[in-house]
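Enquirer: let me see the structure of the following:
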Amino acid sequence: MSERPVVLGGVPTRVTDEGAGPAIVLVHATPFDLDYWSGLAAALRADHRVIRYDLPGHGVAADADVPSTGRLVADLVDLLDVLDLPTVHVVGHSLGATVGQCFALTHPGRVRRLSLLGARASPSPLFATLAGALRQDVAVADISINRWFTASQLARNGAAVQYARARVEGTRVAVWADGLDRLADTDVLADLPRLTIPVDVIVGEDDHGAEPEHGRTIADAVTGARFHRIARARSLLALQRPELVVPLLR
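Expert: Below is the predicted model of the structure:
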């Protein structure tokens with residue numbers, strides 16, 4: 001695996017570039033970082049060139065603020081230019097799915113395929129409420145951990161739980177709240193019919209944030225889009241069940 005520093009939008013961050021084949025770019029959610037995708041990347045790199053990077057405010061870019069959605073999209077354009085990638089398959093989770101949708105709508109010639117995990121395409125009162133609660137020092141971390149994992153998973157305290165807790169504890173409250181605001185403000189549903197690329201919408205059956213019904217609405221908005229509901233799964237699909245997500249990306 002090749003990991004190197006890169007500057008996007010004036011913010012020093014990191015990018016990993018591994019494998020060979022059709023290029024696929026993985027864009028993470030808040031409050032996570034590029035390591036969220038480790039299991040997925042390990043499976044995909046056998047037949048894909050897999051690119052991951054830390055969004056501003058996350059991972060090695062933890063000291064930066066979360067910029068506007070437009071700036072996050074511009075960062076993705078800059079990254080593809082640095083890597084000399086004219087077109088890619090974009091995979092985004094939650095905030096990353098917002099970046100992916102907006103990127104596909106504003107730069108349609110650069111997206112070969114779009115895969116959305118736990119996506120929102122219209123404003124979300126839930127995520128707006130969570131962002132406000134974070135700023136008021138409410139115990140959103142505990143609320144989120146309990147939303148992401150079952151009681152038995154928390155009791156086992158496996159690698160996925162440990163990673164999620166570490167990112168919650170290691171991400172500044174303001175960054176997490178701003179990231180949730182970008183997600184909550186997403187309003188592209190009426191524009192999605194313009195997409196002519198293959199689109200996959202992937203949801204966990206028990207996701208209590210980006211509800212499966214909303215995922216179905218996103219898929220219905222795009223001609224030919226495929227909707228995948230993963231049974232007995234919550235929001236962090238690629239972290240907890242990469243073996244179920246990988247076949248949907250090939």
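Enquirer: now for the nearest residue in space to Arg241 that is not next to it in sequence, how many residues are close by?
Expert: The shortest distance from Arg241 to any non-neighbouring residue, by CB to CB, 6 or more residues apart in numbering, is to Ala233 (5.7 Å). C-beta: built from backbone N, CA, C; applies to glycine. Counted by other CB atoms under 10 Å, the residues lying close to Ala233 total 18.
Enquirer: give me the distance between Ala233 and Asp220.
Expert: Going from Ala233 to Asp220 by CB to CB, to the nearest Å gives 21 Å.
Enquirer: repeat for Gly204
Expert: 19 Å.
Enquirer: of these two, who's got more company?
Expert: Of the pair Gly204 and Asp220, Gly204 is the one with more neighbours under other CB under 10 Å, namely 27 against 14.
Enquirer: who's in contact with the residue nearest to that one when sequence neighbours are not counted?
Expert: Spatially, and ignoring its direct neighbours in sequence, Gly204 is nearest to Ala233 (3.6 Å; CB to CB, 6+ apart). By CB atoms under 8 Å, 6 or more residues apart in numbering, the contact list for Ala233 reads Gly204, Glu205, Asp206, Asp207, Gln240, Arg241, Leu244.
Enquirer: using CSV, lay out those residues together with pLDDT.
Expert: What follows is the contacts of Ala233, written out as CSV (pLDDT from 0 to 100):
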residue, pLDDT
Gly204, 96
Glu205, 96
Asp206, 95
Asp207, 94
Gln240, 95
Arg241, 94
Leu244, 96
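Enquirer: quick one: which of these has the most company?
Expert: Gly204 (27 neighbours).
Enquirer: do I have it right that that one meets Ile230?
Expert: Yes - contact criterion CB atoms under 8 Å: Gly204 and Ile230 qualify, at 5.4 Å.
Enquirer: tell me, how many residues neighbour Thr217?
Expert: 16.
Enquirer: contacts only, for it.
Expert: Ala121, Ser122, Leu189.
Enquirer: now the buried members of these.
Expert: Of all those considered here, the ones buried according to neighbour count by 16 or more other CB atoms under 10 Å are Ala121, Leu189.
Enquirer: and the residue sitting nearest the centre point of the chain, bridged to which residues?
Expert: Relative to the mean C-alpha position of the chain, the nearest C-alpha, by CA atoms, centre = their mean, is the one of His93, at 2.3 Å. Beta bridges link His93 to Leu117, judged by DSSP bridges.
Enquirer: pretty sure it contacts Asp33?
Expert: No - counting by CB under 8 Å, His93 does not reach Asp33; the two are 11.9 Å apart.
Enquirer: out of the contacts of Thr217, which are inside strands?
Expert: The members of the contacts of Thr217 all map outside strands under DSSP state E.
Enquirer: pipe the contacts of Thr217 into CSV and attach pLDDT and distance to Thr129 per row.
Expert: Shown next, in CSV, are those (pLDDT from 0 to 100; distance: CB to CB, whole Å):
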residue, pLDDT, distance to Thr129
Ala121, 98, 18
Ser122, 98, 15
Leu189, 98, 20
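Enquirer: which positions in the helix or strand harbouring Pro247 come out as buried?
Expert: Here Pro247, judged by DSSP states H and E, is contained in helix 242-249. Residues of helix 242-249 classed as buried by neighbour count (16+ other CB under 10 Å): Pro242, Leu244, Val245, Val246, Leu248, Leu249.
Enquirer: show me what the helix ranked longest in the chain is packed against.
Expert: Counting by DSSP state H, the longest helix found in the chain is helix 69-82. Where contact means 3 or more CB pairs under 8 Å, 6 or more residues apart in numbering; DSSP states H and E, helix 69-82 is packed against strand 2-8, strand 11-18, strand 23-27, helix 95-106.
Enquirer: quick check: buried residues in the last one?
Expert: Of all the residues in helix 95-106, those buried under the rule 16+ other CB under 10 Å are Leu95, Gly96, Ala97, Thr98, Val99, Gly100, Gln101, Cys102, Phe103, Ala104, Leu105.
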